[in-house]
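Asker: the following comprises the amino acid sequence and a computationally predicted model.
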Amino acid sequence: MSTSRRSASSRTASGRRADVALVGGGIVGAACALALAREGLAVTLIEAGAPPSWSAAEPDLRVYALAPDNVALLDALEVWPAVRDARAHAYRRMHVWDAAGGEPLRFDADAFAEPQLGWIVEHALLQDRLWAALPAAGIAVRTEAAVETLQQEDDGVSLTLEDGLKVEARLAIAADGGASRLRTLAGIETDRHDYAQRGVVAYIAHDLPHEDTAWQRFLPTGPLAFLPCAARADAPHVSSIVWTLPEAEAVRVLALDDADFGREVTDAFAARLGACRPLSKRVGFPLRREVARSFHTGRVLALGDAAHVVHPLAGQGVNLGLRDVAALAAAVRDAQARRVAWDSAHRLERWARQRRSDGAASAHAFGAINRLFSNDDVALTLLRGRGLGLVGRLPPLARALWRHAAGR
């Protein structure tokens, strides 16, 4: 984030009461601010610190596999062309297989009559383009201080920031991540399960082309995913990896030198893409499932990671959050078309029930898949290998699975 943009954003903030005070300026929070502003709501976005500008020379280790419905949302927000033209890579196929044997599961865009299955996008790029769109959308942005207190009334909320400023609004939205401060202030509890695993991420160069394919191999220690990326001057074949490992094994792998790490990745992936070598530093982040017991209390909503943190193996975390946004914007649009209150308690609760149902079901399903494949039990090994093959041999089932993942 440039200094000029940060200063301009700060000047747009005003003391008037907003329709929505949205806490958290990550991908989901910024997209929500834009989506609600497009529905005619006055939005104040609160983020303790403006994000740094995206740099093409320094690829962000955090990448997302954006599903088609969320690309359509970003397109409607007039953000997607700027993301796509900067650096986004379409993937046209998915290939999933079990190291223990059995048939692989394949998805192909041609079989679904689609131009692509999704897009691989860097976190920092997407956030940068979303923030660049905030001023033109008329969104007031506060980046000087975090939320300190919350006061709820029947018809609105009052947030006090660390610098003493008060922000009043009809509704507050917690989009401030898995450790959400606003969710805690609102008294929303969560159900949490630690997987005792880390996700190790890095950029990898490999000898063979990735074929615009998102690859995933299930190992007894956890899945290893290769997400296709654009070529570089020093590496014609590049992927971003997410390697799920038990805590102790992740610590060991992160401590390896580049040569040993490259060899271990090559072996773990059965050299499917040839010999591998790292192109970046490696980072490991702890994995957990955490779902809010309610997405709505009083005049506060929770969405994105503030509402549901899921296992990364299906790449659905940010997709679920953006679907929260799309559903909320649609609910506001419907209410305004009917000329009724968009923030009535029953409408907010209906949105919350629908989104919690999807978020909780997805979180538990991804956890179950992780447990099923991240072990070497003989009976489960036979079952899961046959299961992948069965889906691959039943095109209607494969299409149904893909349509669900694609938000269709």
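Answerer: Looks like it arrived, so ask away.
Asker: hey, let's count contacts and neighbours off CA atoms from now on
Answerer: Will do.
Asker: and for L219, the neighbour number?
Answerer: By the measure other Cα atoms under 10 Å, the count of residues near L219 is 21.
Asker: cool, A90 as well?
Answerer: A90: 21 neighbours (other Cα under 10 Å).
Asker: alpha carbons only: can I get stretch 156-169 in CSV?
Answerer: Extracted in CSV, the C-alpha atoms of stretch 156-169 (Å, rounded to 0.1, in the frame of the first residue of the first chain):
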residue,chain,number,x,y,z
GLY,A,156,-27.1,-0.3,16.0
VAL,A,157,-23.6,-0.6,17.3
SER,A,158,-20.8,1.7,18.6
LEU,A,159,-17.2,0.7,18.2
THR,A,160,-14.4,2.4,20.1
LEU,A,161,-10.9,2.2,18.5
GLU,A,162,-7.6,2.2,20.3
ASP,A,163,-7.1,5.9,19.5
GLY,A,164,-10.4,6.8,21.1
LEU,A,165,-12.4,7.4,17.9
LYS,A,166,-15.9,6.0,17.9
VAL,A,167,-17.5,4.5,14.9
GLU,A,168,-21.3,4.1,14.9
ALA,A,169,-23.2,1.9,12.5
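Asker: which residues touch that stretch?
Answerer: With contact meaning Cα atoms under 8 Å, 6 or more residues apart in numbering, stretch 156-169 is reached by 15-21, 144-152, 170-172, 299.
Asker: please redo it, this time with the cut-off set to 10 Å
Answerer: For stretch 156-169, the surrounding residues in contact (Cα atoms under 10 Å, 6 or more residues apart in numbering) are 13-23, 42-44, 46, 48, 142, 144-152, 155, 170-172, 182, 298-300, 343.
Asker: so which bits of that stretch are buried?
Answerer: Residues 156-161, 166-169 are the ones in stretch 156-169 that count as buried (16 or more other Cα atoms under 10 Å).
Asker: please work out the average pLDDT along it.
Answerer: Per-region confidence: stretch 156-169 scores 95 on mean pLDDT.
Asker: chain center to it, what's the gap?
Answerer: How far stretch 156-169 lies from its chain's middle: 28 Å, per Cα atoms, centre = their mean, to the nearest Å.
Asker: what residues of stretch 177-192 count as buried?
Answerer: Applying 16+ other Cα under 10 Å to stretch 177-192 flags 177-178, 180-183, 186, 188, 190 as buried.
Asker: reformat those as a markdown table; add distance to D110, pLDDT and secondary structure.
Answerer: Formatted as a markdown table, these follow (distance: Cα to Cα, whole Å; pLDDT from 0 to 100; DSSP: H, G, I helix; E, B strand; the rest coil):
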| residue | distance to D110 | pLDDT | secondary structure |
| --- | --- | --- | --- |
| G177 | 36 | 95 | coil |
| G178 | 37 | 95 | coil |
| S180 | 41 | 97 | coil |
| R181 | 45 | 97 | helix |
| L182 | 44 | 98 | helix |
| R183 | 43 | 98 | helix |
| A186 | 47 | 97 | coil |
| I188 | 44 | 97 | coil |
| T190 | 41 | 97 | strand |
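Asker: what's the closest non-adjacent residue to L182?
Answerer: A174 (5.6 Å; Cα to Cα, 6 or more residues apart in numbering).
Asker: pretty sure that neighbour contacts A307?
Answerer: Yes. Using Cα atoms under 10 Å, A174 makes contact with A307 at a distance of 8.2 Å.
Asker: pull up the overlap in contacts between the two.
Answerer: Overlap of the contact sets of A174 and A307 (by Cα under 10 Å, 6+ apart) consists of 180, 183, 295-296, 301.
Asker: and the residue sitting nearest the centre point of the chain, what element?
Answerer: Residue closest to the mean C-alpha point of the chain, counted by Cα atoms, centre = their mean, is V318 at 1.6 Å. Assigned by DSSP states H and E, V318 falls within helix 317-337.
Asker: and that helix, what does it pack against?
Answerer: Under the contact criterion of 3 or more Cα pairs under 10 Å, 6 or more residues apart in numbering; DSSP states H and E, helix 317-337 touches helix 27-38, strand 63-66, helix 68-76, strand 308-309, helix 345-373.
Asker: can I get those in CSV with mean pLDDT?
Answerer: Shown next, in CSV, are those (pLDDT from 0 to 100):
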stretch, mean pLDDT
helix 27-38, 98
strand 63-66, 95
helix 68-76, 97
strand 308-309, 94
helix 345-373, 80
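Asker: and those as JSON lines, adding distance to T266?
Answerer: Shown next, in JSON lines, are the helices and strands packed on helix 317-337 (distance: least, Cα to Cα, whole Å):
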{"stretch": "helix 27-38", "distance to T266": "32"}
{"stretch": "strand 63-66", "distance to T266": "21"}
{"stretch": "helix 68-76", "distance to T266": "31"}
{"stretch": "strand 308-309", "distance to T266": "30"}
{"stretch": "helix 345-373", "distance to T266": "20"}
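Asker: point out where the stretch 251-400 of the chain drops to low pLDDT.
Answerer: Counting by pLDDT under 70, the stretch 251-400 of the chain has low-confidence residues at 314-315, 364, 366-400.
Asker: now do the contacts for T244.
Answerer: Applying Cα under 10 Å, 6+ apart, the residues contacting T244 are 197-201, 218-219, 221-225, 250, 284-287, 311-313, 370, 374.
Asker: my bad, should have said A363
Answerer: If you count contacts by Cα under 10 Å, 6+ apart, then A363 has 288-291, 308-312, 316-317, 320 around it.
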